[in-house]
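> Sharing a model that was predicted from the sequence below.
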Amino acid sequence: MSKEYSTEMIISEIKLHFGFKTDSELANFLGISQPVLANWKKRNTFDVNLIFTKCEVINANWLLTGEGNMLNSTSKKEEKININEFIYSNKILSESLNKLVDNNSKLVNINERNSELIFKLCNK
């Protein structure tokens with residue numbers, strides 16, 4: 001086993017590979033809460049089956065021992081995970097866009113009310 005092998009190292013490498021900047025992003029991708037991920041780090045353990053299932057390009061030997069290449073050499077799995085990453089990113093973007101549209105609608109309503117109030121004040 002590699003000297004640097006730890007849950008923290010595994011999580012950091014997975015985040016780097018998938019382009020996640022925060023633990024919360026990785027937790028969302030894995031379908032767990034951020035506190036669960038924090039507990040994994042604290043206890044230096046993790047759900048191997050979950051990570052292996054969600055991160056199909058990860059080499060099982062590397063995941064279990066920290067030795068060898070992090071990624072499998074199978075390109076089909078890499079293509080599949082790239083599609084999963086795209087779908088996940090699209091979902092996040094879509095949710096963000098929906099929030100922006102909702103906030104924009106609220107601002108339009110506020111502006112309309114303000115215009116009405118200004119008109120009333122100016123016409124007194």
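Received the coordinates, thanks.
> C-alpha from now on. contacts and neighbour counts both.
Noted.
> for this protein, what are the low-confidence residue spans?
Low-confidence segments of the chain (pLDDT under 70): 1-3, 74-82.
> how's it carved up into domains?
Structurally, the chain divides into domains by automatic domain parsing as follows: 1-73, 75-124.
> Now do the longest one: distance to the chain's middle.
Meaning domain 1-73. 13 Å (Cα atoms, centre = their mean, to the nearest Å).
> Point to the residue nearest the middle of the protein.
Note on the chain: the residue nearest the mean C-alpha position is residue 25, at 2.5 Å, using Cα atoms, centre = their mean.
> Assign that one to helix, strand or coil.
Counting by DSSP: H, G, I helix; E, B strand; the rest coil, the backbone at residue 25 sits in helix.
> How about the contacts made by it?
By Cα atoms under 8 Å, 6 or more residues apart in numbering, no residues touch residue 25.
> and the gap between it and residue 18?
In this view, residue 25 and residue 18 are 10 Å apart by Cα to Cα, to the nearest Å.
> can you check residue 58 too?
11 Å.
> With neighbour numbers in mind, choose between the two.
Shown here are residue 58 and residue 18; by other Cα atoms under 10 Å, residue 58 has more neighbours (21 against 14).
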